[in-house]
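*Asks:* from the sequence below, what's the structure:
(one chain, ligands or ions: 1)
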Amino acid sequence: MTSSEVWTEETAKFYDESSPEAFSPEVLDPAVGFLAELAGSGPALEFAVGTGRVGIPLAARGVPVTGIELSEPMVAELRKKVDEATLPVVIGDMARTTVPGEFSLVYLVFNTISNLRTQAEQVECFRNAARHLAPGGRFVIELWVPALRRMPPGQTAVPMTLGEDDGHLIFDTYDVVEQQCTSHHYHRLADGTTRYGSGTFRYAWPAECDLMAQLAGLEFEGRFADWHRRPFTADSESHVSVWRKPA
Ligand SMILES: C[S@@+](CC[C@H](N)C(=O)[O-])C[C@H]1O[C@@H](n2cnc3c(N)ncnc32)[C@H](O)[C@@H]1O
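*Replies:* The predicted structure follows:
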């Protein structure tokens, strides 16, 4: 079971404009630089490539990028920007879909491993990454750290942003027994109305990611707080982690 039913035509249509900060050079340049460095002279595979937020600028840097993506409407948006020759995409589930070739880099960004709602699927996703890597190749994920430290005892909701700047409010509610988080998004629109959307995700701690990587035969290489390689600490709210397929 995945939460990918969220990624409908409607969601795809508004995806780029609903998170403008994620498309800003401040966010994208360091991410693309980090990934280009790890890809080296080899090709890269993006799991859940979406509308090409990262894949398109990475390909523009000269890294051959292939994508796997479950949502046809998201790929339709990507196709408005680049053609198949520039960024080939295979429609399918990143936990099990295979594409031809060996890659020096497989990456999965923007918290997207959480779209796989069970531990078994997340483990399969790590295995699928390992399957596509050349010896010595890297798997990179960008994932948020569950905000449970922000949740007082007796409550189930955490305000993530109150939308002072852009009118985008986010509240997360947690089911700590099933390790599920539902993110509630309220977008205030120019005409004064509010658009609501929600998605439910399976959160995983960094240590669980390391264990899933180990199950897939990957070795831990490094963990950072962000794409600038700032140190990951107890207060980090997100991480960029790198595992390597033994040479
Ligand atoms: C937050 S978006 C990230 C898209 C893109 N990587 C980016 O950084 O903008 C999540 C994407 O994951 C895709 N997705 C969700 N579950 C998936 C799955 N099981 N296999 C492949 N793609 C999936 C969704 O359709 C959506 O395009």
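*Asks:* domains for the protein, by residue range?
*Replies:* Domain assignment for the chain by automatic domain parsing gives 4-146+204-244, 148-199.
*Asks:* between those domains, which one is closest to the ligand.
*Replies:* Within the domains of the chain, the stretch nearest the ligand is domain 4-146+204-244; the backing value is 2.5 Å (C-beta to the nearest ligand atom). All C-beta spots, glycine's among them, are computed from the backbone N, C-alpha and C.
*Asks:* quick check, that closest one touching the ligand?
*Replies:* Yes: contact of domain 4-146+204-244 with the ligand is found when judged by C-beta under 6 Å from any ligand atom, involving 4, 7, 48-50, 53-54, 68-71, 74, 93-95, 109-110, 112, 115-116.
*Asks:* give me the below-cutoff pLDDT ranges for the protein.
*Replies:* The model of the chain has pLDDT under 70 over residues 1-5.
*Asks:* show me which strand runs longest in it.
*Replies:* Longest strand in the chain by number of residues (criterion: DSSP state E): strand 133-144.
*Asks:* which residue ranges form the helices in the chain?
*Replies:* 9-18, 25-39, 55-60, 72-79, 119-132, 206-215 (DSSP state H).
*Asks:* reformat those helices as TSV; add mean neighbour count.
*Replies:* Shown next, in TSV, are the helices of the chain (neighbours: other C-beta atoms under 10 Å):
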stretch	mean neighbour count
helix 9-18	15
helix 25-39	17
helix 55-60	22
helix 72-79	18
helix 119-132	20
helix 206-215	16
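*Asks:* circling back: deepest of the domains of the chain, which one?
*Replies:* Greatest average neighbour count among these goes to domain 4-146+204-244 (a mean of 18), per mean count of other C-beta atoms under 10 Å.
*Asks:* contact partners for the residue lying closest to Thr97 once chain neighbours are set aside?
*Replies:* Among residues not flanking Thr97 along the chain, Ile68 sits closest, at 5.1 Å (C-beta to C-beta, 6 or more residues apart in numbering). By C-beta atoms under 8 Å, 6 or more residues apart in numbering, the contact set of Ile68 is 45-49, 89-90, 92-94, 97, 99.
*Asks:* same question for Leu58.
*Replies:* 32, 35-36, 39, 44, 46, 65.
*Asks:* picking that back up, Leu105: which of the helices of the chain is closest?
*Replies:* helix 25-39 (4.2 Å; C-beta to C-beta).
*Asks:* return the distance of that closest one from the chain's centre.
*Replies:* 14 Å (C-alpha atoms, centre = their mean, to the nearest Å).
*Asks:* please apply the same query to stretch 175-186.
*Replies:* 17 Å.
*Asks:* do stretch 127-134 as well
*Replies:* Centre-to-centre, stretch 127-134 and its host chain are 17 Å apart (C-alpha atoms, centre = their mean).
*Asks:* how about the contacts of Leu58, which pair is most distant?
*Replies:* For the contacts of Leu58, the farthest-apart pair by C-beta to C-beta is Ala36 and Glu46; their separation is 12.7 Å.
*Asks:* indicate which one of the helices of the chain is closest to Val242.
*Replies:* For Val242, the closest of these is helix 25-39, at 7.1 Å, according to C-beta to C-beta.
*Asks:* list the ones among the residues of domain 4-146+204-244 next to the ligand that fall in strands.
*Replies:* Judged by DSSP E, strands contain the following of the residues of domain 4-146+204-244 next to the ligand: 68-69.
*Asks:* and the helices of the chain as a markdown table, adding distance to Glu178?
*Replies:* Below are the helices of the chain laid out as a markdown table (distance: least, C-beta to C-beta, whole Å):
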| stretch | distance to Glu178 |
| --- | --- |
| helix 9-18 | 24 |
| helix 25-39 | 31 |
| helix 55-60 | 32 |
| helix 72-79 | 26 |
| helix 119-132 | 11 |
| helix 206-215 | 14 |
